[in-house]
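**Q** pasting the sequence and the predicted coordinates here, then a few questions.
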Amino acid sequence: MLRSPLRLILLAVLAFAAARLPAAEVQSHGLVFEHWIADAFFQKYRPPGYTQKWDLPADIPRDLPPEFTGLPANPKAAKYGTPVGLGDALRQFDIDEPFLLILGYWEQPDPEEKRFVKILAPRVEPAVWHALWGPVTRADLERLDTLIKRRDLDYLEVRRLAQKMKASPPYNQTIFVLNPKIDSQGQRRLQCSLRFEDVFKYLTPGLARDREETPSLWGVPFPGPVLSTPREFTHQK
């Protein structure tokens, strides 16, 4: 496939950036997306760690219209048409302030690169966010989280019990998708996600979900594509 000199330069720059990432950051397309947002709108802010509540806190300087002043933001990247992972379910349940959810949806048209095809940044109000949980309470999430973290049972049994609980009320009545992460390596986490169609239905009603040739955020086009190969999964027996 022929590539223009400008495109080759961009791919080389992104490849160099990806090569310098630690092993824990192999999903370089998400990091490139986050860094582009920070560089373009938040004066090149970088979080000091990965445990803070917001990737882009409310008090950092920004080059945005006044209506976005004082709003924290979390950027997320997901494959177009698939759920967007939101991380720890309890942390998401505890959100009690307006925030920006900056979403970048990508596709993999080439084995070597990902291309972002849709970018949106809805302002999410706490009432809307809490409504998506439906009848699920924090105590419900804590009960499921406690089960997931049980160490007196084999991980396969914990996984079976967690899936059974997840499929019963009130857990099966929430818009959020609950994702117990349980494996033989000791991982025991309760995460959550939002389906592609629910993002547009509840967070951006009226916004077209069609792919875009040159997606942009607040008038600034994303300078992709991003050098990134498909993710490989190791399947456990």
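**A** Looks like it came in fine. Treat the numbers as computed from the prediction; the structure is a model and nothing was measured. Numbers count the residues shown, from 1 in each chain.
**Q** in this protein, which strand is the longest?
**A** Using DSSP state E to define each element, the chain has its longest strand at strand 99-110.
**Q** send me that strand as PDB with only the CA atoms.
**A** Provided in PDB are the C-alpha atoms of strand 99-110 (Å, rounded to 0.1, in the frame of the first residue of the first chain):
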ATOM      1  CA  PHE A  99     -17.600  15.900  33.900                       C
ATOM      2  CA  LEU A 100     -16.500  15.400  30.300                       C
ATOM      3  CA  LEU A 101     -16.300  11.900  28.900                       C
ATOM      4  CA  ILE A 102     -14.000  12.200  25.900                       C
ATOM      5  CA  LEU A 103     -14.500   9.200  23.700                       C
ATOM      6  CA  GLY A 104     -12.400   8.200  20.700                       C
ATOM      7  CA  TYR A 105     -13.700   5.300  18.600                       C
ATOM      8  CA  TRP A 106     -11.200   3.600  16.300                       C
ATOM      9  CA  GLU A 107     -11.000   0.900  13.600                       C
ATOM     10  CA  GLN A 108      -8.100  -1.200  12.300                       C
ATOM     11  CA  PRO A 109      -8.100  -0.900   8.500                       C
ATOM     12  CA  ASP A 110      -4.500  -2.000   8.300                       C
END
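**Q** which elements pack onto it?
**A** On a contact count with 3 or more C-beta pairs under 8 Å, 6 or more residues apart in numbering; DSSP states H and E, strand 99-110 meets helix 28-41, strand 73-79, strand 113-120, strand 123-124. C-beta coordinates here come from the backbone N, C-alpha and C atoms, glycine included.
**Q** Throw these into a markdown table and include mean pLDDT, thanks.
**A** Formatted as a markdown table, the helices and strands packed on strand 99-110 follow (pLDDT from 0 to 100):
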| stretch | mean pLDDT |
| --- | --- |
| helix 28-41 | 93 |
| strand 73-79 | 97 |
| strand 113-120 | 96 |
| strand 123-124 | 96 |
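**Q** export these to TSV and append columns for mean neighbour count and distance to residue 146.
**A** Formatted as TSV, the helices and strands packed on strand 99-110 follow (neighbours: other C-beta atoms under 10 Å; distance: least, C-beta to C-beta, whole Å):
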stretch	mean neighbour count	distance to residue 146
helix 28-41	20	30
strand 73-79	21	26
strand 113-120	22	35
strand 123-124	18	28
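**Q** mind giving me a markdown table with those and columns for distance to residue 191?
**A** A markdown table is the format used below for those (distance: least, C-beta to C-beta, whole Å):
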| stretch | distance to residue 191 |
| --- | --- |
| helix 28-41 | 15 |
| strand 73-79 | 12 |
| strand 113-120 | 22 |
| strand 123-124 | 18 |
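**Q** which stretches of this protein form strands?
**A** Secondary structure of the chain (DSSP E): strands at 73-79, 84-88, 99-110, 113-120, 123-124, 177-182, 188-194, 216-217, 220-221, 226-227.
**Q** who wins for proximity to residue 140 among those?
**A** Minimum separation from residue 140 across these (C-beta to C-beta) falls at strand 177-182, 9.8 Å.
**Q** buried residues in the closest one?
**A** By 16 or more other C-beta atoms under 10 Å, the buried positions in strand 177-182 come out as 177-180, 182.
**Q** list the helices and strands it packs on?
**A** Where contact means 3+ C-beta pairs under 8 Å, 6+ apart, strand 177-182 is packed against helix 138-148, helix 155-166, strand 188-194.
**Q** so which of these is the most packed in?
**A** Among the helices and strands packed on strand 177-182, ranked by average contacts under mean count of other C-beta atoms under 10 Å, first place goes to strand 188-194 (a mean of 20).
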